[in-house]
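Trainee: build the 3D model from these lines:
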Amino acid sequence: MKYSTKYLFMIKINILLILVSSFNLVFSQTTIPNKYMKIPDTLYFKDRLYQYIIPQKKYNYWKVIRKDGSTEKLIYEKIGAKNKKVKENRTIEEGFFLECLPDGCFTYIMANQNKKSEYFTNVEELRGFIGFVNNLSEALLIARTYDLWFDRKNPIGGSYKIEKDFIYLYLAKFESCPVSSEAFFVKINRRTGELEQESKGVYYKTDDCYTS
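Mentor: Numbers count the residues shown, from 1 in each chain. This is a model prediction of the structure:
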């Protein structure tokens, strides 16, 4: 059977694309420097991270709340040794980490100092509440505000290194349609909280598609 030149050219292009994709996959899986460590699986559920926050300011009391419609759930609270719980004095209608599809929910922080309450209801305010990035948990929360998270199974999307001035991470962005994982190299300035990110390419992809 004789094929046209155009048909043979398209076959060669498709083979080349497959080879390039395979090469990128192998390459991306072997470029994590030796000094990087795997992010612990225990940090995967971000509700566990709030307990490790050391706020930029000192508060007598602070708490993390998730609001789903008219229902509020206490995620974490920190009470000073000589202080009591503080009641909220206003209704919160917005927050960060919009989740709980399809109806939707959000998270916010209420903090109290000398009987004065402050509310942190968006990602910029969450970053300000954290301030200096003390630890890996705080770094992951900041990364989450940029839609980055870590892959528990692959080091290209789940590794870290902490130095005096910066925290370096290999994280991922996940898509559900089609299902894919894209690796990112992340650099967080510990003093300012500023985050820089660089894509390292898609390292996992299927034809599956989930829309709900």
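Trainee: drop to CA atoms for contacts and neighbour counts, all remaining ones
Mentor: Will do.
Trainee: dihedrals phi and psi, the residue nearest the centre of the chain?
Mentor: Nearest to the mean C-alpha position of the chain, by CA atoms, centre = their mean, lies R144 at 2.4 Å. Dihedral angles of R144 (phi, psi; degrees, to the nearest 10) stand at phi -60, psi -30.
Trainee: I'd like to know how far it sits from F174.
Mentor: In this structure, R144 and F174 are 12 Å apart, going by CA to CA, to the nearest Å.
Trainee: and for I142, the neighbour number?
Mentor: With neighbours defined by other CA atoms under 10 Å, the count for I142 comes to 24.
Trainee: for it, grab phi and psi.
Mentor: Main-chain torsions, I142, degrees, to the nearest 10: phi -60, psi -40.
Trainee: strands of the chain, residue ranges please.
Mentor: Here the chain has its strands, by DSSP state E, at 37-38, 61-68, 71-79, 96-99, 105-113, 116-120, 159-162, 166-176, 179-189, 195-205.
Trainee: tell me the most buried of those?
Mentor: With neighbours defined as mean count of other CA atoms under 10 Å, these peak in mean count at strand 166-176, which reaches a mean of 22.
Trainee: any idea how far T206 is from F132?
Mentor: Counting by CA to CA, the separation of F132 from T206 is 39 Å.
Trainee: the more surrounded of the two?
Mentor: F132 (19 against 11).
Trainee: so the more buried one sits against Q56, correct?
Mentor: Yes: between F132 and Q56 there is a contact under CA atoms under 8 Å: 6.4 Å.
Trainee: next, the contact list for the closest residue to S159 other than its chain neighbours, please.
Mentor: Residue nearest to S159 in three dimensions, not counting chain neighbours: K38, with 4.5 Å by CA to CA, 6 or more residues apart in numbering. Listed by CA atoms under 8 Å, 6 or more residues apart in numbering, the contact partners of K38 are 155, 158-160.
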